[in-house]
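1. sharing a model that was predicted from the sequence below.
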Amino acid sequence: MDLTPLGKTRIGGKKRSLRAAFARRTQRQVSLMVFVKWIQGTMCNLFCWNIYIHHSLSILMTNENEAFVFTSFLFSFINMFRESHESFFSQSHHQYFSDGRLALLQFKHQFSSTGSSYVSTCRAAYSKTSLWNESSSDYCIWDCVTCHDSTGHVIGLDLTCSQLQGTFNQNSSLFQLHHLRVLNLAFNNFSGSLIPAEIDWLKNLVQRNLSFSSFSGRVPSNISYLVNLVSLDLSSMSLQLDEMTFTNVLGNLTKLEVLSLSSVNISSKMPLNVSSSLTYLDVQGTELLNEFPLSSFSFPNLQTLSLSSNLNLYLDLTKFNWSSVSSSLLELDLSYTNTTGNCQILLEMSSL
């Protein structure tokens, strides 16, 4: 009997069986890899999990009992992962709100609210922080506190005329409110405190008003790092602004639209590089020196310009590039400055 064909058939069948087994194992490995990647990249709902699991199990397993056991185990794992995931973010969310509330309360207790030297200036001065209900965990309902609708982050704090009195600490808890966009502390009494250099921690600030709050000393240079500022008011008779910081504020804060430095001691010349986004510039009583560079200025959006009460500031109206501002300028104050030239040109500007 010739066994060769039978031998060949058996050998061929064995090879085919090995190839099939290898293919099934490879397919299982690939499916497992895809499944693991899918778990890592997606948090699908249970319906999606169910479809994908049964689809994968149809390839990975042929025994229904094994598939049932594996499915039960996998669902238990998924639920455990989901619960721990939700618990983690819930704790983080709660922790943030606890930290935000604590930061506000620490700021409140830093000052007394017995009165302020600016009470007569404010039409509706009252101790706003004394109305904060410390037993409430929801600080978003506190007076003068604004929170983001979806995240709950503190984005606004308006304590104008709040009768705050005391020293403003350099490490104030206020700087923990990193999402703060609007900060208004005008007309309070911070007893000659320095403006903290840590102010640049509040990178998201868009509006900052510290006017007439009894801050004193030199304005920190890193105020020019707050590149998102749209409005900045430092008006005060007790602050000094050095020439370099003054130059950087006007040149680097390209989004700045409103700048009020009334009565701040600058005692330097006006820089040439000024943000074209300015609509309001008040530098009255700042001891500006030398000739105001009228010929180099371009104010395409400027509506108000106050240069008054700078006796050592020289202006030659004939050098002013009026075409760069005449279409937008609504108010111009040159009183008590050393001005030369024909003022008739001011009367002929249609926008004034």
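-> Nice, I can see it. Since the structure is predicted, the reported quantities are computational estimates derived from the model, not experimental observations. Numbering: from 1, shown residues only.
2. now stretch 309-329: average pLDDT?
-> The average of the pLDDT scores along stretch 309-329 is 78.
3. do me a favour and get the end-to-end distance for it?
-> 20 Å (C-alpha to C-alpha, to the nearest Å).
4. cool, stretch 269-280 as well?
-> Span of stretch 269-280 from end to end, C-alpha to C-alpha: 19 Å.
5. next, T245: secondary structure please.
-> Of the three states, T245 takes helix according to DSSP: H, G, I helix; E, B strand; the rest coil.
6. low-confidence stretches in the stretch 101-250 of the chain?
-> For the stretch 101-250 of the chain, the stretches with pLDDT under 70 are 114-120.
7. my guess is S191 meets T167, correct?
-> Yes - using C-beta atoms under 8 Å, S191 is in contact with T167, at 5.4 Å. All C-beta spots, glycine's among them, are computed from the backbone N, C-alpha and C.
8. now C144: how far from L313?
-> 38 Å (C-beta to C-beta, to the nearest Å).
9. which one's more surrounded, those two?
-> Neighbour comparison, C144 and L313: the larger count goes to L313, with 23 against 15 (by other C-beta atoms under 10 Å).
10. so which strand or helix has the more buried one?
-> Assigned by DSSP states H and E, L313 falls within strand 310-316.
11. direction included, what does that strand pair against?
-> strand 290-291 (parallel), strand 337-340 (parallel) (DSSP bridges).
12. and the helices in the stretch 51-200 of the chain?
-> For the stretch 51-200 of the chain, the helices defined by DSSP state H, counting those that start in this stretch cover 64-109.
13. what of the stretch 251-352 of the chain?
-> 344-347.
14. so where is it shaky, pLDDT-wise?
-> Looking at the stretch 251-352 of the chain by pLDDT under 70, you get 295-298, 321-327, 342-352.
15. one more time with 50, if that's ok
-> By pLDDT under 50, the stretch 251-352 of the chain contains no weakly predicted segment.
16. what lies in contact with stretch 164-173?
-> 102-104, 106-107, 110-116, 129, 185, 188-191, 193-198, 215 (C-beta atoms under 8 Å, 6 or more residues apart in numbering).
17. out of the strands paired with strand 310-316, which is the most enclosed?
-> strand 337-340 (a mean of 14; mean count of other C-beta atoms under 10 Å).
18. mind listing what L313 touches?
-> M270, L288, L289, N290, E291, F292, L307, T337, N338.
19. leaving out chain neighbours, which residue sits closest to it?
-> Using C-beta to C-beta, 6 or more residues apart in numbering and skipping residues adjacent in sequence, the residue nearest L313 is L288, 4.5 Å away.
20. does the one you found touch L307 like I think?
-> Yes - contact status for L288 versus L307: in contact at 7.3 Å, counting by C-beta under 8 Å.
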